[in-house]
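Colleague: coords please:
(3 chains)
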Amino acid sequence: MIVGLIVNPVAGLGGAVALKGSDGPDIQARALALGAVPRAAERAAAALRALRARRPDVLVRTVAGPMGEDSARAAGVPYRLAHRPAATSGGTAGSGATSTGAADTRTAPTGPADTRAAVAALGEVDLLLFAGGDGTARDVLDAAPRPPVLGIPAGVKVYSGCFALSPVAAGATVAGFDGRTVDAEVVDLDEEGHRAGLVGARLYGTLRVPAARERLSGRKTGSSAAPPGSAESIARAVVADMRPGTAYALGPGATTLAVGRALGLALTPLGVDVVRDGALLAPDVTEQRLHAIAMSQVTHGVLSVIGGQGFVIGRGNQQFSPRVLAALAGVVVLATQQKLAALGGRPLLVDSGDPRADAAFEGHVRVVTGHRESVLYRISSASEELS
Amino acid sequence: MAHPYIPNAGPETRAAMLAEIGAPDVAEFYRDIPAELRLDRPLDLPAPYTDEPGLVRHLHGLLARNTHPAELLSFLGHGCYHHHVPAVCDEVNGRGEFLTAYAGEPYEDHGRFQALFEYVSMMAELLEMDVVNVPVYDGYQATGTALRMAARRTGRSKVLVSGAIAADKLAKIRDYLTPDVEVHLAPVADSGEMGEVRLDDTFAALYLETPTVHGVVETRGRELAELAHGVGALLVVGTDPISLGVLAPPASYGADLVCGDIQSLGMHPQYGGGQAGFIASHDDERLVAEFPSRLFGIAPTAVPGEYGFGDVFYDRTSFALREEGKEWVGTAAALWGITAGVYLALMGPQGMREIGETVLARTRYAMRALAAAGAAVRHQEAVHFREFAVEVPDADALLADLHGRGILGGVRLGDREVLVCVTERHSIADIDTLAAAVKDALSALGGAE
Amino acid sequence: MSSHTEPFASLPVTPKPGLRRFHQARWDEEIVFELSRPGRRGVGVPAPDAPLVELPESVARRTPPALPELSQNQVVRHYLRLSQETLGADFNIDVGQGTCTMKYSPKVNDSLVRDPRVAALHPLQPESTVQGVLEIYWRLEQILKEISGMARVSLQPGAGSAAIYANIAMIRAYHASRGEGGQRDQVITTMFSHPSNAACAKVAGYEVITLMPDADGNPDIEALRAAVGPRTAALMITNPEDTGIFNPRIKEFVDLVHEAGGLACYDQANANGILGITRARDAGFDLCHFNLHKTFSTPHACGGPAAGACGVSAALVPFLPGPVVDRVENAGTAAGEPEVYTLTVPERSVGKIRPFLGVTPNVVRAYAWVMALGAEGLREVAETAVLNNNYLLAKVARIPGASVPWADRRRVEQVRYSWQQLTEETGVHSEEIGIRAADFGVHYWTSHHPYVVPEPFTLEPTESYSREDLDEYAAILAHVADEARKDPEFVRNAPYRQTVHRIDPASLDDPAQWSPSWRAYRRKHGGQPQA
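Modeller: Sure thing, here's the model as predicted:
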């Protein structure tokens, strides 16, 4: 098994010094100045150790220096170098240094371009492991990797679905990878806003990750297992409820894309599409166009829950502006029960930009979780909830 | 003294445990229950029998109000049958390991998985179908589920059901299929077999039962299978597996799903407590996806050559074509599945053939004997397995008269119709006794008219 | 500990003083078909003694079924070996199957139901010949009426889920009888109620609305307020829920549903800890159900037969599944004359939930269990079960890596715990901890999906286990958690002391490879074990 490895050596720098993220050279410099100790390299090594314990035959293809090589060496896993980052860290790559982490970050911080270049350079591997946070995941996504990927959580923000629970779990998942994959969302906070006290996740796209390996246990005799509530079953439920002559504005998200598939339509992955009577009425609409449609005919909004924070409005679907929301005849929210469970009791969030429009949503919203089933879930104005 | 079932009931143990927890008393744990919901008095229950002999005496006193089965010659059937239960069946299902296990993993409960896998495997041989589920509650539920499976598989919402099935069973099927699937009834011909049926492409399934509620063996299975398949519907066949040592397995004439009850295969009647249902299909992924209940399969382990077990296609509910059919499953009848496996392993192909031949022969002997005794035997030309219906002037009077002679002569199907059941446990002499009694009773009844 | 599939003998057999050196039976037993030799048989069958029937070609079986051919002692040995390879509740500290109430099933009750006056009774016998069994049904109904406060109880359903289904059928019939059948098309349930509530409601045609827990671990009452309305048919709710938390506002839940015209239905699967403490009807519930195989001790039998009981208020009595057993008034008034019992079908009955009456042997067992305890004994059952639960909670909460969601809440009958901290630390999942625990002769169940509590495990000690048993169970969990920290791979590759080794489930999901029967296995794999 050949596994690609990319480490973002500066991932997670900001967290320990309360900078809420590490994106951008300035922040990274500030973090280092504040005494931050990088941890991505060691976390990547931990994942590789767990992997090698299960798959002694594993071979790592990676990047010279702190972007992977150091971790592979620290873990004692055989590796080949497929790439040397351009200017930044050439000096240390392959130098035989045995230390990892702090020693290597004397070099200039790694940037998004380095991650993207590394994804392209590693080429065909069975699976691509990367250590970092949501920002790193975005960079990997931008490089459009061909193999399936899996994130080793090492950043400050790890809200994307493409990360394993822990480094050890990442190693174990790779070892058990049987070729089956699912799509996982890549979300990221707007760090500017985050530092200013505003939290919001934006959906950037999806990456293919290993499907959770089915476990044998937990199959209780004598129980009706809760239906898995796949995006497909939710989509079929939504389509079954669609009324003739009514327009439906489908926001971005994996579940709404499944609604498109159930209708036999290819929707815009990150945009808002309007469908009516099973046909695409208006693809990838702007706020203005959506408003015009909602004003001229009965239109319902169909929204996914974006990312691990539970945003329904205001992240990645800004087309649903206050005036659009006012014009809609109704809004239906889609999510699997698993996704709601993962919120750990936190409410769904609305941040349309207008506190009065947000207030109209306060309370409970019906979330479709499958055929003939829904959850009434608490929903709050983001500014209210996070203030 | 602590009650024998409650080791920690003694005050000293209680006090020590409370101290370990750091709670003042047990009431502390109940503080979330509001006062107005508390029962402020002891439950008003009969005084208990805390010594075991006293309990046994009390229960035996109640059981003594039942007539001992040895004092009655019974010809009752109609869904629950007095076949012989080999002693080995009772020995195995009485073992504490099987009796008290529940939901362990395929490691600590390997034996449970293997025993159930073997049960479905032996049923699969009898049925000539590769897929059989771990038992559901009973044959009624198995039939309801098989028909829902057919509806999901075909995306249609009507089924045509044999008119020659038990009234209770039909009621249960109707109830279970509401509101997603509409039940239509197929006519019964004078022969006792299914009459001429009309099917079209709105039907999901044709449900044929053989033997019928009247014991009639359906002979037009292949023709009906072709009729169903011609309009894209499935043929679902209800049967009793005990007949399949001699009767053709429904799959051989084109059945897509086969279902029924396995009580005949080693379960005592237990006043209705011995029922368990099965559903079988071919190894067609699209049908396998529609099973709501568990399927057990062989899987390799870390040690080459070792057999492990697990659930086949466990996540299939998410692959099912339509969600209408998400059915509930529950703690159904696994122990009876293990028992039926023991029964089939004891009987083997030879035993199953012999029991089939004996039941067929004695059923026909009984039909002739009762006809000779003056009862009007229905569907005389049809092949019968185990049961047949007779018409009499007054079913209640006849049965009461027979009961007076220590004979439970059959199940009342109507004012003038009685269903008689004969198994391998009835000797020719038993049948002759019944016939003689029926003759006497009928002449007595006739005399009274 | 470099290799993790070594046989038991080479493993350290006393990993920690005090833990049991258990090994599950391993007979390497063949599949029954592999034991077959032509010409053997296990039991004799009566000869026809009458002319054979010649079958028409269309109905005659052409080839004999390929059943195994074994002598009787081979069958006995084979199945007793398989039984030994099964860890029944009789053999272990079975507190890990939380929500299933794996209490001790008294042997005397098993001996009673083997009596021919239970085992050999036909369900359609004349009532006069089964007065004893009918009286037991009637007596158990009176007991369950008193325990629930309900007007009547049906013992027809075959298990808990069947009882839930019966309740849903009654709810449907009740609203239909009032002309509101079409309008009331929603059923409300909660995330920590048994999923059969949602599943049964869906089969019955209802749309199901689920309430999530609030910050205190109770179902969100504000969500309920938002959910109820003219479309509400019923609330179906467990209390205490599967978390073990008793919802103190349950009466408000019931009242809210009643105000909207809906019915309130109580899933009493977790009733063991509140027997004689609080009653369904006193909180205003219209329907409830009990699992006789949980609270009332009947054995779980590898997954059934079980038994269920539905209790209803007076308004719903006409809809009960039938038949029910009535005592004929004044029939046995003369001195020494026994009472007379008869089967009747309630006026607007939803019909039979299963064939015939109920799962009679389990009705007899449950009755005998109550009669061995009485009112005082039942209270002792409840209090001891709750004491045991809190004792185990105190022990488990001290295990590093284990945690208790909503830790500040009291617990009644069971607790849903979490290994999340341990998983984050070691990468070892709750399922894997449970499988390793089986190497010490115990096991546990995680939770229904989805896992609202991450990395869950659910323990319910009931009244049946001693303090030393609970100490042993907690010590095993602590030991395995410790192992996970020291050598996570060792735990992940468990089991080591079971009948078989780690199973590779991949083929079970592949239509080209899966083998749901020996017949399929022969066809796909030539009958050879897979590599």
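
Colleague: now the nearest residue to C:Gly205 once chain neighbours are set aside: how far from C:Tyr206?
Modeller: Closest residue in space to C:Gly205, ignoring its immediate chain neighbours: B:Pro179 at 4.1 Å, by C-beta to C-beta, 6 or more residues apart in numbering or on different chains. Heads up, the C-betas are built off the backbone N, CA and C, glycines and all. Using C-beta to C-beta, to the nearest Å, one gets 10 Å for the distance from B:Pro179 to C:Tyr206.

Colleague: So for those two, which sits in the more crowded spot?
Modeller: C:Tyr206 (26 against 13; other C-beta atoms under 10 Å in any protein chain shown).

Colleague: Quick check: phi and psi on that one?
Modeller: With angles defined as degrees, to the nearest 10, C:Tyr206 shows backbone torsions of phi -90, psi 150.

Colleague: Please name the nearest non-neighbouring residue to it.
Modeller: Leaving aside its sequence neighbours, C:Tyr206 sits nearest to C:Val187 (C-beta to C-beta, 6+ apart; 4.3 Å).

Colleague: Could you check the pLDDT of the closest residue to C:Ala215 other than its chain neighbours?
Modeller: Nearest in space to C:Ala215, with sequence neighbours left out and distances taken as C-beta to C-beta, 6+ apart, is A:Gly345 at 5.9 Å. Among the per-residue scores, A:Gly345 shows a pLDDT of 81.

Colleague: Let me know the distance separating A:Gly345 from B:Ala340.
Modeller: Taking C-beta to C-beta, one finds A:Gly345 at 47 Å from B:Ala340.

Colleague: For the two, indicate the residue with more neighbours.
Modeller: B:Ala340 (28 against 17).

Colleague: my read: the more buried one touches B:Met267, true?
Modeller: Yes. Contact criterion C-beta atoms under 8 Å: B:Ala340 and B:Met267 qualify, at 7.5 Å.

Colleague: Between those two, which contacts overlap?
Modeller: B:Ala276 (C-beta atoms under 8 Å, 6 or more residues apart in numbering or on different chains).

Colleague: Quick one: classify the residue lying closest to C:Leu155 once chain neighbours are set aside as helix, strand or coil.
Modeller: Spatially, and ignoring its direct neighbours in sequence, C:Leu155 is nearest to C:Gly358 (4.2 Å; C-beta to C-beta, 6+ apart). Under DSSP: H, G, I helix; E, B strand; the rest coil, C:Gly358 falls in the coil class.

Colleague: these two touch, right, B:Val342 and C:Leu82?
Modeller: No. B:Val342 is beyond contact range of C:Leu82, at 10.0 Å (criterion: C-beta under 8 Å).

Colleague: Where does C:Leu144 sit, in terms of helix or strand?
Modeller: For C:Leu144, the host element (DSSP states H and E) is helix C:131-148.

Colleague: What mean pLDDT does that helix get?
Modeller: Per-residue pLDDT values over helix C:131-148 give a mean of 98.

Colleague: What residues sit buried inside it?
Modeller: Within helix C:131-148, the residues scored as buried using 16 or more other C-beta atoms under 10 Å in any protein chain shown are C:131-141, C:143-148.

Colleague: tell me how far that helix is from the chain's mean position?
Modeller: Computed by C-alpha atoms, centre = their mean, to the nearest Å, the chain-centroid distance of helix C:131-148 equals 22 Å.

Colleague: cool, and stretch C:183-197?
Modeller: The chain centre lies 19 Å from the centre of stretch C:183-197; the measure is C-alpha atoms, centre = their mean.

Colleague: show me the contacts for the closest residue to chain C within chain A.
Modeller: Nearest residue of chain A to chain C, counting by C-beta to the nearest C-beta: A:Val168, 2.8 Å away. A:Val168 makes contact with A:Ala46, A:Ala47, A:Ala50, C:Thr426, C:Gly427, C:Pro488, according to C-beta under 8 Å, 6+ apart.

Colleague: Now intersect those residues with the helices, please.
Modeller: The helices, defined by DSSP state H, take in A:Ala46, A:Ala47, A:Ala50, C:Thr426, C:Pro488 from the contacts of A:Val168.

Colleague: got TSV for those residues, with neighbour count too?
Modeller: As requested, the ones in helices among the contacts of A:Val168 are exported to TSV (neighbours: other C-beta atoms under 10 Å in any protein chain shown):
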residue	neighbour count
A:Ala46	23
A:Ala47	32
A:Ala50	27
C:Thr426	26
C:Pro488	23
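
Colleague: Tell me where the stretch 201-350 of chain B has helices.
Modeller: B:221-230, B:285-288, B:334-372 (DSSP state H, counting those that start in this stretch).

Colleague: Go ahead and produce PDB holding the CA coordinates of the longest helix along chain C.
Modeller: The longest helix of chain C (DSSP H) is helix C:374-397. The C-alpha atoms that make up helix C:374-397 are tabulated as PDB, following Å, rounded to 0.1, in the frame of the first residue of the first chain:
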ATOM      1  CA  GLY C 374     -45.100  -9.700  45.800                       C
ATOM      2  CA  ALA C 375     -45.500  -6.000  46.300                       C
ATOM      3  CA  GLU C 376     -42.700  -5.700  48.800                       C
ATOM      4  CA  GLY C 377     -40.400  -7.800  46.600                       C
ATOM      5  CA  LEU C 378     -41.100  -5.700  43.500                       C
ATOM      6  CA  ARG C 379     -40.200  -2.600  45.400                       C
ATOM      7  CA  GLU C 380     -37.000  -4.300  46.500                       C
ATOM      8  CA  VAL C 381     -36.300  -5.200  42.900                       C
ATOM      9  CA  ALA C 382     -36.700  -1.600  41.800                       C
ATOM     10  CA  GLU C 383     -34.700  -0.100  44.700                       C
ATOM     11  CA  THR C 384     -31.900  -2.600  44.400                       C
ATOM     12  CA  ALA C 385     -31.700  -2.200  40.600                       C
ATOM     13  CA  VAL C 386     -31.300   1.500  41.100                       C
ATOM     14  CA  LEU C 387     -28.800   1.100  43.900                       C
ATOM     15  CA  ASN C 388     -26.800  -1.300  41.700                       C
ATOM     16  CA  ASN C 389     -26.900   1.100  38.800                       C
ATOM     17  CA  ASN C 390     -25.600   4.000  40.900                       C
ATOM     18  CA  TYR C 391     -23.000   1.800  42.500                       C
ATOM     19  CA  LEU C 392     -21.700   0.800  39.100                       C
ATOM     20  CA  LEU C 393     -21.900   4.400  37.900                       C
ATOM     21  CA  ALA C 394     -19.700   5.500  40.800                       C
ATOM     22  CA  LYS C 395     -17.200   2.800  39.900                       C
ATOM     23  CA  VAL C 396     -17.200   3.400  36.100                       C
ATOM     24  CA  ALA C 397     -17.000   7.200  36.500                       C
END
